[in-house]
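# Sequence below, structure please.
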Amino acid sequence: MYNVATYQEINPAVFSIVTFPFLFSVMYGDWGHGMIFFVLGLFLIFAEPMLKKDVGMQPLLKARYFIAMIGFFSVYNGLVYNEFFAISNDFFGTCYAAKRDLDGNFPDRIPPKDTNQDCVYAFGVDPAWSLTPTNKLTFTNTAKEKISVIIAYFHLNFGIICKLLNSIYFRKWKVLIFDVITGLFIFFGFIGIMIFLIYVKWWYPVNAYAYDVNCDYSDPNNDDPNNVCTSPSVITVTINNFMGVMGTHTPKELLWFDGQQSMANFFLVIAMVCIPIMLCTIPCMAFCTPKHHNADVDEFNAVEAHNAEEKNQLIDDKSGQDTGVKEFENLLKHEMKAGGGSHGETFGDLFVWQMVETIEFVLGTISCTASYLRLWALSLAHGQLGEVFITIFFQQLITMANSGKDEADFKYLKDYGVAFNIIYLWIMGFGYMAAVTGVLFMMDALEVFLHTVRLHWVESMKQHFDGKGYLYVPFSFQEVFQKEMTRED
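Predicted structure coming up:
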């Protein structure tokens, strides 16, 4: 972390031990690539007693557990995505009837083997989705997009809950009620409803296997308006919730359950009401509440030196200022501010601070959530880069060799004989390994790492992390002696 946690506040580094490698793996989900990091991490862990003798290995050994964790979670998410070096594997047997047509291609819509039961893969993504590039990109695109938004909502809310616990521990009741609780209502009214509708759409029964469907939900002859092609978009429904005040409601035919629009309107109104409460309540309470005299300040100012000798020891400069006492007083005030979170005493100072906090939080509910879409974007980019390298090094030359030939005259790699395949794959394998190592294992891993840092520091930790602490420095006679020896007087 960039700062040290304030004394006794919740330290987000503890939770980041798990959330950091997990969010990393969401963008780097490939169990082939992840296995390499995992094996490397295990090697560094078990070989640490031997490797620590080498000075050049010290920086890498410090990250041995981190490398093992990102490898472990990348293997897990790679199994969920069903990607092994960008290639899908059929571990449990697909439930789709994957058969090529007369042209040797798979159809865009592959029918299930049994239409009387749901086609559900045992774990992860069914490999049948990767048989056609259009199907794979369409399915993974919408799935990863929704998963990214769900992770954003729960990760950001976890930060708000940490702020709630900090407020209770430090007895900041005004912050608890008018910042944290109102913030939870605002976040749910703007984003939580969308997350709820994502789950509702997943749970809503839709005939995904029907071929001849009527995609016009307004047609009175449409017996099944909520079919696979007319199922409403969650983004469209969410936008209509905000535009409803101007009459742009979601059509009743595209609502998943009765009372959906009323529920969305209710929580949206609650969120809008909570915004001025968050903005004005704390400054107004400070303006209306009489200031209490701080007796601790009088007690501190009443403390004097025991005798003249002690007082002379506190005087460090020629002007006669008690700089030793002043330094201690400033340190004490800094500690009190770190624990109390004071941002000014006047109504104007409090109002300006609260206005900044409110604007940042309200806009952050949208911008911070949208920032987590990088999980979706980088995950798709990682998978597509893996496919591109496979195509370039193992398919491109064969495709160029068949250029201009009829379908019947096409020669695939298997048609060139064993000797040619060994030589060709051996030569192309070096190029493939160099590209994967340079781009995916180094450049892409660094990019994913930096984006994960941003999601923690900028998006999640700012919900609760104060970071006004300082590192503990133990008393040392040697340090005192060195300072005394360097004094010029």
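# How much space separates the residue nearest to Phe84 when sequence neighbours are not counted from Leu380?
Once flanking residues are discounted, Phe84 sits nearest to Gly32: 4.3 Å by Cβ to Cβ, 6 or more residues apart in numbering. Quick note: C-beta positions are derived from backbone N, CA and C, even for glycine. Distance of Gly32 to Leu380, given as Cβ to Cβ, to the nearest Å: 17 Å.
# For stretch 440-456, list every residue counted as buried.
With burial defined by 16 or more other Cβ atoms under 10 Å, the residues of stretch 440-456 counted as buried are Leu440, Asp444, Ala445, Glu447, Val448, Phe449, His451, Thr452, Val453, Leu455, His456.
# So the first one belongs to a helix, correct?
Yes: applying DSSP: H, G, I helix; E, B strand; the rest coil, one finds Leu440 inside a helix.
# List the contacts of Gln354.
For Gln354, the contact set (Cβ atoms under 8 Å, 6 or more residues apart in numbering) comprises Met278, Leu279, Cys280, Ile282, Pro283.
# now with 6 Å?
Leu279, Ile282, Pro283 (Cβ atoms under 6 Å, 6 or more residues apart in numbering).
# can you check Pro205 too?
Not one residue lies near Pro205 by Cβ under 6 Å, 6+ apart.
# And what about it, helix, strand or coil?
The three-state label given to Pro205 by three-state DSSP is coil.
# how much space is there between it and Gln261?
Here Pro205 is placed at a distance of 20 Å from Gln261 (Cβ to Cβ).
# do Gln58 as well
Per Cβ to Cβ, Gln58 is found 61 Å from Gln261.
# Looking at these two, which is more packed in?
Gln261 (16 against 11; other Cβ atoms under 10 Å).
# Now do the contacts for the more buried one.
Contacts of Gln261 (Cβ under 6 Å, 6+ apart): none.
# Run through the helices of the stretch 251-400 of the chain in chain order.
Along the stretch 251-400 of the chain, counting by DSSP state H, counting those that start in this stretch, helices occupy 260-288, 295-301, 308-314, 323-340, 347-371, 374-394, 396-401.
# most tightly surrounded among those?
helix 374-394 (a mean of 19; mean count of other Cβ atoms under 10 Å).
# Who are the packing partners of it?
Applying 3 or more Cβ pairs under 6 Å, 6 or more residues apart in numbering; DSSP states H and E, one finds that helix 374-394 makes contact with helix 12-27, helix 133-169, helix 418-435.
# got the angle for that helix vs helix 12-27?
40 degrees (axes from the mean of the first three to the mean of the last three Cα atoms, to 10 degrees).
# Let the chain start at 6 from now.
In the new numbering, first residue 6, that becomes helix 379-399.
# contacting residues around helix 379-399?
For helix 379-399, the surrounding residues in contact (Cβ under 6 Å, 6+ apart) are 31-34, 88, 91, 149-150, 153, 433, 436-437, 440-441, 453, 456.
# Quick check: which ranges of the stretch 306-455 of the chain have low pLDDT?
For the stretch 306-455 of the chain, applying pLDDT under 70 flags the ranges 306-350, 406-419.
# Swap in 50 and give it another go.
In the predicted model of the stretch 306-455 of the chain, residues 321-323, 325-326, 343-346 satisfy pLDDT under 50.
# got the helices and strands packed on helix 379-399 as a markdown table, with distance to Tyr475 columns?
Converted to a markdown table, these look like this (distance: least, Cβ to Cβ, whole Å):
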| stretch | distance to Tyr475 |
| --- | --- |
| helix 17-32 | 15 |
| helix 138-174 | 18 |
| helix 423-440 | 46 |
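# so of these, which one's packed in deepest?
Of all the helices and strands packed on helix 379-399, helix 17-32 carries the top mean neighbour count, a mean of 20, counting by mean count of other Cβ under 10 Å.
# The next helix or strand after that helix - contacts with which helices or strands?
Of the helices and strands lying after helix 17-32 in sequence (DSSP states H and E), the nearest is helix 36-51. Contacts defined by 3+ Cβ pairs under 6 Å, 6+ apart place helix 36-51 against helix 69-86.
# how about the helix it packs on: buried residues?
69, 71-86.
# Kindly report the same for stretch 57-67.
By neighbour count with 16+ other Cβ under 10 Å, stretch 57-67 contains the buried residues Met62.
# Contacts made by that stretch with the rest, please.
Here stretch 57-67 has contacts from Leu49, Glu53, Leu56, using Cβ under 6 Å, 6+ apart.
# now, among the residues you listed, which is nearest to Asp95?
Checking those against Asp95 with Cβ to Cβ, the nearest one is Leu49 at 33.5 Å.
# count of residues packed around His38?
Count around His38 with other Cβ under 10 Å applied: 25.
# if we can go back for a sec, who wins for most neighbours among the contacts of stretch 57-67?
For the contacts of stretch 57-67, counting by other Cβ under 10 Å, the largest number of neighbours falls to Leu49: 20 neighbours.
# follow-up on the earlier one: switch the contacts of stretch 57-67 over to a markdown table; also include distance to Ile196 and pLDDT.
Below are the contacts of stretch 57-67 laid out as a markdown table (distance: Cβ to Cβ, whole Å; pLDDT from 0 to 100):
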| residue | distance to Ile196 | pLDDT |
| --- | --- | --- |
| Leu49 | 40 | 93 |
| Glu53 | 43 | 91 |
| Leu56 | 46 | 90 |
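# So which of these is the closest to Phe20?
Here the nearest of the contacts of stretch 57-67 to Phe20, counting by Cβ to Cβ, is Leu49; it sits at 23.9 Å.
# Neighbours of Ile198, how many?
Ile198 has 22 neighbours, counted by other Cβ under 10 Å.
# which non-adjacent residue is nearest it?
The shortest distance from Ile198 to any non-neighbouring residue, by Cβ to Cβ, 6+ apart, is to Ala269 (5.3 Å).
# Quick check: the one you found vs Ile428, distance?
For Ala269 relative to Ile428 (Cβ to Cβ), the value is 63 Å.
# cool, and Gln265?
Distance of Gln265 to Ile428, given as Cβ to Cβ: 63 Å.
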